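Asks: Model the following, please.
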Amino acid sequence: MKQITFFLVRHGEAENNVRHILNSAPVKQEYPLTEHGKEQATRTAKQLATAGADVLFSSPILRAKETAESIAAATGLPIQFDNRLWEVGMGRFNNHIQQELLDKYPDPEMRLSPDVADGMESFLEVRSRLDDFLGEVKEKYLGKKVIIVSHGDPLEQLHGILTQEGPGRAAAGWYPEKGSCTEVVWAIKGESV
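Replies: Residues are numbered from 1 along each chain as shown. Alright, predicted model coming up:
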């Protein structure tokens, strides 16, 4: 059985996190990393400097980009930006206080099929773009080590895909801390060594 080792990195703490503001596509305002977020990114970069990774992918949103830049400096890998690693589309909640979203969707599983009027990207739609991304990674990087810098919700669903959890279970399970790095080995069935 063939595999790909993933290092799932959530961006460091950003100004929007401290202010509890949701920030997704389309980005109306960019929020940089805080000083604490920069420290988190530097710590994760040092951790990954000796991981032997082959490729570095990142969401193009500023907080992920700044985190990926720290990792690129430590690993020597160029950053490949990919829109499929973008934060979940928040629709009418974009650039609003996070509590507004939580008031309407207190259970994360409710976001599997959000109210159409909210214009949000569902977790099922997120999975579709991540599946597309993983298909390309599988073709090019089988047997390799891949760093992905992204956001909490997409990483949660990506982790679910890699560990064979359904979208509802993933939405209620593992969730990455800001600035964290989680190693996941994706065992790909049907691929010979």
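Asks: C-alpha from now on. contacts and neighbour counts both.
Replies: Will do.
Asks: low-confidence ranges in this protein?
Replies: Residues of the chain that meet the criterion pLDDT under 70 lie in 190-193.
Asks: Could you pull up phi and psi at Val88?
Replies: Val88 adopts backbone torsions of phi -60, psi 130, taken as degrees, to the nearest 10.
Asks: Show me what the strand or helix carrying Gln40 is packed up against.
Replies: Take DSSP states H and E as the rule and Gln40 turns out to sit in helix 35-48. Counting contacts by 3 or more C-alpha pairs under 8 Å, 6 or more residues apart in numbering; DSSP states H and E, helix 35-48 is packed against helix 62-75.
Asks: neighbouring strands for the helix or strand just after the helix it packs on, and are they parallel or not?
Replies: Counting by DSSP H and E, the next helix or strand C-terminal to helix 62-75 is strand 79-81. Strand 79-81 has the following strand partners under DSSP bridges: strand 55-58 (parallel).
Asks: Which helix in the protein has the most residues?
Replies: helix 123-141 (DSSP state H).
Asks: returning to what we had before: what's the helix holding Gln40 in contact with?
Replies: Residues from elsewhere that reach helix 35-48, judged by C-alpha atoms under 8 Å, 6 or more residues apart in numbering: 11-14, 67-68, 70-75, 178-181.
Asks: When you filter those residues down to buried only, what's left?
Replies: By neighbour count, with 16 or more other C-alpha atoms under 10 Å, the contacts of helix 35-48 hold 11-14, 67-68, 70-72, 74-75, 178-181 as buried.
Asks: picking up where we left off before, which one of the contacts of helix 35-48 sits closest to Asp118?
Replies: Distance to Asp118 across these (C-alpha to C-alpha) is lowest for Ala14, with 24.8 Å.
Asks: Show me what that closest one is bridged to.
Replies: Counting by DSSP bridges, Ala14 forms beta bridges with Leu33.
Asks: which ones are touching it?
Replies: 31-34, 37, 63.
Asks: Looking at the residues you listed, which is nearest Leu101?
Replies: Nearest to Leu101 among these, with distances taken as C-alpha to C-alpha, is Tyr31, at 19.1 Å.
Asks: circling back: which pair in the contacts of helix 35-48 has the greatest spatial separation?
Replies: Applying C-alpha to C-alpha across the contacts of helix 35-48, the maximum distance is between Ala14 and Thr75, 22.4 Å.
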